[in-house]
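Participant: I would like the atomic coordinates for the input below:
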Amino acid sequence: MVTKAKRIAPSKGDDFETPAIVTILTGPESAPKSFTVQGSVLRRRSKFFDAALNGNWSASTTGTVELYDWKPETVLMYLNLVFHNVLTIDEEKDERNEERTDAEDSTNNEAED
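Facilitator: A predicted model of the protein is given here:
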């Protein structure tokens with residue numbers, strides 16, 4: 001089966017100038033966590049990374065984005081959302097938050113009575 005080519009504006013296509021492979025360094029600078037991703041996909045799906053990789057940032061030439069003030073878990077969640085359209089959650093942490101919220105709600109209800 002032949003797939004018909006899509007017609008898009010040149011600005012929406014790949015410029016093939018962005019580094020093909022992008023490295024994202026995150027966490028403490030002394031011991032960063034490294035994520036390696038496809039640059040063109042990252043740029044196409046993220047305005048933040050598009051700006052970082054297509055502008056005055058050093059990442060546009062080095063292919064390395066340094067996000068030392070971001071937690072690796074947060075970057076991983078974001079990358080899963082960007083690349084797979086899936087929002088990952090820490091189920092244990094989510095359950096603890098639900099328990100805390102339930103406890104706060106019952107405390108607030110008792111205070112109102």
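
Participant: Would you mark the buried spots in stretch 53-68?
Facilitator: 53, 59-60, 63, 65-67 (16 or more other CB atoms under 10 Å). Placement of C-beta: from N, CA and C, glycine included.

Participant: Identify all contacting residues around it.
Facilitator: By CB atoms under 8 Å, 6 or more residues apart in numbering, the residues outside stretch 53-68 that reach it are 15, 18-19, 21-29, 32, 39, 42-43, 49, 51-52, 75.

Participant: residues touching the residue nearest to residue 45 when sequence neighbours are not counted, list them.
Facilitator: Of all residues not flanking residue 45 in the chain, residue 82 sits nearest, at 4.7 Å (CB to CB, 6 or more residues apart in numbering). By CB under 8 Å, 6+ apart, the contact set of residue 82 is 41-42, 45-46.

Participant: Narrow the residues you listed to just the buried residues.
Facilitator: 42, 46.

Participant: what's the closest non-adjacent residue to residue 37?
Facilitator: That would be residue 22: by CB to CB, 6+ apart, it lies 5.4 Å from residue 37.

Participant: a helix runs through the one you found, doesn't it?
Facilitator: No - using DSSP: H, G, I helix; E, B strand; the rest coil, the secondary structure at residue 22 is strand, not a helix.

Participant: I'd assumed residue 20 was in contact with residue 36.
Facilitator: No - with contact defined as CB atoms under 8 Å, residue 36 does not reach residue 20; the gap is 10.8 Å.

Participant: what pLDDT does the residue nearest to residue 37 get?
Facilitator: You'll see residue 22 listed with a pLDDT of 94.

Participant: Need the three-state assignment for residue 5.
Facilitator: Residue 5 ends up coil, using three-state DSSP.

Participant: Give the phi and psi angles for it, as a check.
Facilitator: When read as degrees, to the nearest 10, the backbone of residue 5 gives phi -70, psi 140.

Participant: Nothing else from me, thank you.
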